[in-house]
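1. build the 3D model from these lines:
(2 chains)
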Amino acid sequence: MFKIIKREEPWKWGALVILLGALLFSLAVSALLLVGQGKDVFEGLNILWQGSFGHLWALEGALLKAIPLFLCSLGVAVAFRMQIWNIGAEGQFALGAIGATWMALSFPDLPAVILMPLMFIMAFILGGTWALIPAILKLKLRVNEIISTLMLNYIAILLLDYLVFGVWKDPTSFGFPMTSEFSSNAIIHGIGGSKVHWGLLFCFVVGVGLWAFMRFTRLGYELQASGEGARVAKYAKIRYGMLVMFVMCLSGGFAGWAGCVETSAVLNRLQPSLMVGYGYTAIVVAWLARLEPLNIAFASFLLAALRVGVENLQLELQIPAAYGSILEGLILLSVLAGQFFLTYKLEPKRSQVK
Amino acid sequence: MWEFLIPLLAATVQSGTPILYATLGEMMTEKGGVLNLGVEGMMSVAALAAFWTSLTTGSPWLGFIAGGVAGMGMGALHGFVCISCLGNQVVSGLAITILGLGLTNFFGVPFVGLPAPGFNPFDFPILSQIPVLGEIFFKHDMLVYISFVVPVLFWFFFRRTSLGMHVTATGEMPQAAGAAGLKPRVLRYFAVVGGGFLIGLGGAYLSLAYTHLWTNGLSGGRGWIAVALVIFAFWRPGRAVVGAYLFGGVMAFQLRLQAMGTNLPSSLLLMLPYVLTILVLILSAWRGRRIDAPAALGTNIEPEG
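-> Take a look at the predicted model:
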């Protein structure tokens, strides 16, 4: 049998090995599901691969989906780092989309240089406020933020439904629940004729901004270094409550931006099909990336590519879309289990009695 | 007035039942010191397992058990990641939910809209004759009647049996329990898997008794409500009953309002249970009884050596 021993020095490439191992394991298990559906496994895996990494359109699709995932995951990671369990990226994303839509529908004729910032500001404010509610409940009344953020997801999605089925419904939409299309000034356009839009650049700016904040400000440095809210607050000389509110606001604001970018660039209007679970996938991304901003960029691309691959699988082999959730759940579980080996190793037990 | 109120209260008991099973399951898990945020996913997997078993064997009872077993399996998975591999309990639970909802929607596709043999209401002998109370509590299906007994058994198990007290000890002070010669890890597995069984029964209720046919999104947030209710109940089965029926009441009321055709948009009505969950958490925090939480809840047991 084996004996569990604590590692004295960190396993250098451990995190990468574990991630690859987890990916392989999850793909193997989910390949079994294809067998269960009576599909050819190798054909299925090939279609998944082609859709994820094999074509230019796959790359385009992955970049497109990586944009909202990246922004949401940054938000999730900022909060998780402080051990504040913000599970509410999905709802904050919805509120951001609502905020952006509000501006886009209210001032369609403003020039883009004014309207765009307005949309982003409102998306940040609404997303951030949606995250502030659980922060305040946590601080003032010690309400568990896991459940409150989650409940606010359900409420946010219903709020979005309420708006697009009701007051914001496009009268010319033949009864479909959607707002009218944004004016051209409110749309983030593609880069050089491709589907990939300028939101990609925005991600880059936000990522670098967060990195600089973490690197060059005292508060950011403490956030990066310690991760324990109370300690950070002490060193940064601010009240713990202020810190929680700041972090949650940032977290929700990032998710809100993701909602803004997605509505404006991809759908060009607000409609329920906006909500495809990026906020939940973002949690998987953030944890795979071990909450590091640069890793998050790679992990969002990876998970986005998998999503495109699964869509391809859905199209070619009529595999239900839920295949993607299974894959994501498995990857997250196996990474969690695998991380055991970052702190511990197994050594064969020597028999003591000869 | 009575014509409206009595059916409403009877419906309250019915819609509260799956929540009650799930709340007790989560409570058992947490009593052992493990937080399980996978309830939502576990309930939906169990609902499908129960439905499928009942459909293929023709026996709702086998289906009911299959739901429980499916919950046990998912619980064991969560236990493996958290207890054996020391994974983060919050994240593992979320992963279980993501996986569980995925599995359900993946395998449930061919069954959407199909009926399966389930449990039908019948008048409980003698007791259903009691005026008012009989109408409310004793004109249901067998699974509701079983759910009346489960909280009592739960209480008895944790208060009067040594196994129950050992589980409580691992949730409070696993190191001390280990030093006293108990096996905290094994006890934690017991709590997670046993709790998973109860959560699974809650899921099974949804597909076998609440509806008799398969639809997507059957769990509809009930798993999360159960997690919140454990806090509301201060880890006590009696209060779990109150909480579960409170939510059952709101859900039944909201359905009735929709059926009666109000001017309120349905999306606003559907928000009610979720808003209430937050209110309930505020209420329990305001009562300031956090001491009741198992002291070691959410922390893993580090291996020695």
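2. from now on I want contacts and neighbour counts done on CA atoms only, so please keep to that.
-> OK.
3. give me the pLDDT for the closest residue to residue B:100 other than its chain neighbours.
-> With sequence-adjacent residues excluded and distances taken as Cα to Cα, 6 or more residues apart in numbering or on different chains, residue B:100 is closest to residue B:41, at 4.1 Å. The model reports residue B:41 with a pLDDT of 97.
4. which SS state does residue B:41 fall under?
-> Three-state call for residue B:41 (DSSP: H, G, I helix; E, B strand; the rest coil): helix.
5. roughly how far apart are it and residue B:241?
-> 22 Å (Cα to Cα, to the nearest Å).
6. ok, these two, which is more surrounded?
-> residue B:41 (30 against 23; other Cα atoms under 10 Å in any protein chain shown).
7. list the contacts for that one?
-> B:96-101, B:223 (Cα atoms under 8 Å, 6 or more residues apart in numbering or on different chains).
8. give me that answer again for 7 Å
-> B:96-101 (Cα atoms under 7 Å, 6 or more residues apart in numbering or on different chains).
9. with residue A:86 instead?
-> Applying Cα under 7 Å, 6+ apart, the residues contacting residue A:86 are A:76, A:79-80, A:145-146, A:149.
10. and it, that's in a strand?
-> No: counting by three-state DSSP, residue A:86 falls outside a strand, being coil.
11. report pLDDT for it.
-> For residue A:86, the predicted pLDDT is 95.
12. could you check how far it is from residue A:128?
-> 12 Å.
13. equivalent analysis for residue A:324, please.
-> Using Cα to Cα, one gets 29 Å for the distance from residue A:324 to residue A:128.
14. for residue B:213, same thing?
-> Residue B:213 is 41 Å from residue A:128, by Cα to Cα.
15. who's more crowded, the two?
-> Of the pair residue B:213 and residue A:128, residue A:128 is the one with more neighbours under other Cα under 10 Å, namely 28 against 19.
16. for the more buried one, which residues are in contact?
-> A:249-253.
17. near chain B, which residues of the stretch 251-354 of chain A? Just list them.
-> Within the stretch 251-354 of chain A, the positions adjacent to chain B are A:320, A:322-323, A:325-326, A:329-330, A:332-333, A:336-337, A:340 by Cα under 7 Å from any Cα of the partner chain.
18. show me where the stretch 251-354 of chain A has helices.
-> Ranges of helices in the stretch 251-354 of chain A, per DSSP state H, counting those that start in this stretch, are A:278-288, A:293-317, A:323-338, A:340-343.
19. contacts for the last one?
-> When contacts are taken as Cα under 7 Å, 6+ apart, the neighbours of helix A:340-343 outside the stretch itself are A:6-7, A:10-11, A:14, B:85-86.
20. how about low-confidence regions in the stretch 201-350 of chain A?
-> A:224-237, A:350 (pLDDT under 70).
21. tally of neighbours for the closest residue to chain B within it?
-> Closest residue of the stretch 201-350 of chain A to chain B, Cα to the nearest Cα: residue A:329 (4.3 Å). By other Cα under 10 Å, 27 other residues sit near residue A:329.
22. for it, give me its contacts.
-> Contacts of residue A:329 by Cα under 7 Å, 6+ apart are B:95-96, B:98-99.
23. among those residues, which are in strands?
-> Residues of those located in strands (DSSP state E): none.
24. before we move on, back to that, from residue A:329, how far out is the residue nearest to residue B:100?
-> 11 Å.
25. hmm, back to that, keep only those of the contacts of residue A:86 that are in helices.
-> Using DSSP state H, A:76, A:79-80, A:145-146, A:149 are the members of those that sit in helices.
26. can you put those residues in a markdown table and add neighbour count and pLDDT?
-> Putting those into a markdown table (neighbours: other Cα atoms under 10 Å in any protein chain shown; pLDDT from 0 to 100) gives the following:
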| residue | neighbour count | pLDDT |
| --- | --- | --- |
| A:76 | 33 | 95 |
| A:79 | 25 | 92 |
| A:80 | 22 | 91 |
| A:145 | 23 | 92 |
| A:146 | 20 | 92 |
| A:149 | 26 | 95 |
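27. keep only those that also lie close to chain B.
-> Okay, of the ones in helices among the contacts of residue A:86, nothing touches chain B (Cα under 7 Å from any Cα).
28. tell me the one of those residues nearest residue A:275?
-> Within the ones in helices among the contacts of residue A:86, the smallest distance to residue A:275 is 16.2 Å, found for residue A:149 (Cα to Cα).
29. return the residues in contact with the closest residue to the closest one other than its chain neighbours.
-> In space, and not counting its chain neighbours, residue A:149 is closest to residue A:88: 4.5 Å by Cα to Cα, 6+ apart. Contact partners of residue A:88, counting by Cα under 7 Å, 6+ apart, are A:149-150, A:152-153.
30. the same query, at a cut-off of 6 Å, please.
-> Contacts were defined as Cα atoms under 6 Å, 6 or more residues apart in numbering or on different chains; by that measure residue A:88 touches A:149-150, A:153.
31. now the spatially most central residue of chain A, nearest residue through space, not along the chain?
-> Centroid check for chain A by Cα atoms, centre = their mean gives residue A:282 as the closest residue, at 2.3 Å. Of all residues not flanking residue A:282 in the chain, residue A:73 sits nearest, at 4.5 Å (Cα to Cα, 6+ apart).
32. cool, and residue B:154?
-> In space, residue B:154 is closest to residue B:237, 6.9 Å off (Cα to Cα, 6+ apart).
33. kindly report the residues of the stretch 201-305 of chain B close to chain A.
-> B:267, B:271, B:274, B:278, B:285 (Cα under 6 Å from any Cα of the partner chain).
34. hmm, 10 Å instead?
-> B:220-221, B:224-225, B:227-228, B:231, B:265-288, B:290, B:303-305 (Cα under 10 Å from any Cα of the partner chain).
35. cool, the stretch 1-150 of chain B as well?
-> B:37, B:77-78, B:80-109.
36. distance to residue A:32 and neighbour count added to the contacts of residue A:128, as a markdown table?
-> A markdown table is the format used below for the contacts of residue A:128 (distance: Cα to Cα, whole Å; neighbours: other Cα atoms under 10 Å in any protein chain shown):
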| residue | distance to residue A:32 | neighbour count |
| --- | --- | --- |
| A:249 | 42 | 25 |
| A:250 | 41 | 24 |
| A:251 | 37 | 30 |
| A:252 | 38 | 36 |
| A:253 | 40 | 33 |
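37. out of these, who's nearest residue B:61?
-> Among the contacts of residue A:128, and counting by Cα to Cα, the member closest to residue B:61 is residue A:252, at 45.8 Å.
38. can you check the pLDDT for the closest residue to residue B:155 other than its chain neighbours?
-> Among residues not flanking residue B:155 along the chain, residue B:237 sits closest, at 6.4 Å (Cα to Cα, 6+ apart). Residue B:237 is assigned 94 on the pLDDT scale.
39. the one 3 residues further on too?
-> Per-residue confidence for residue B:240 comes out at a pLDDT of 95.
40. please apply the same query to residue B:81.
-> 96.
41. what do you get for residue B:245?
-> At residue B:245, pLDDT is 96.
42. thinking it is in contact with residue B:23, fair?
-> No: taking contacts as Cα atoms under 10 Å, residue B:245 lies outside contact range of residue B:23: 11.3 Å.
43. which residues are in contact with each of the two?
-> Applying Cα atoms under 10 Å, 6 or more residues apart in numbering or on different chains, one finds that residue B:245 and residue B:23 are jointly contacted by residue B:17.
44. the more surrounded of those two?
-> A count of neighbours by other Cα under 10 Å puts residue B:23 above the other of residue B:245 and residue B:23, at 34 against 23.
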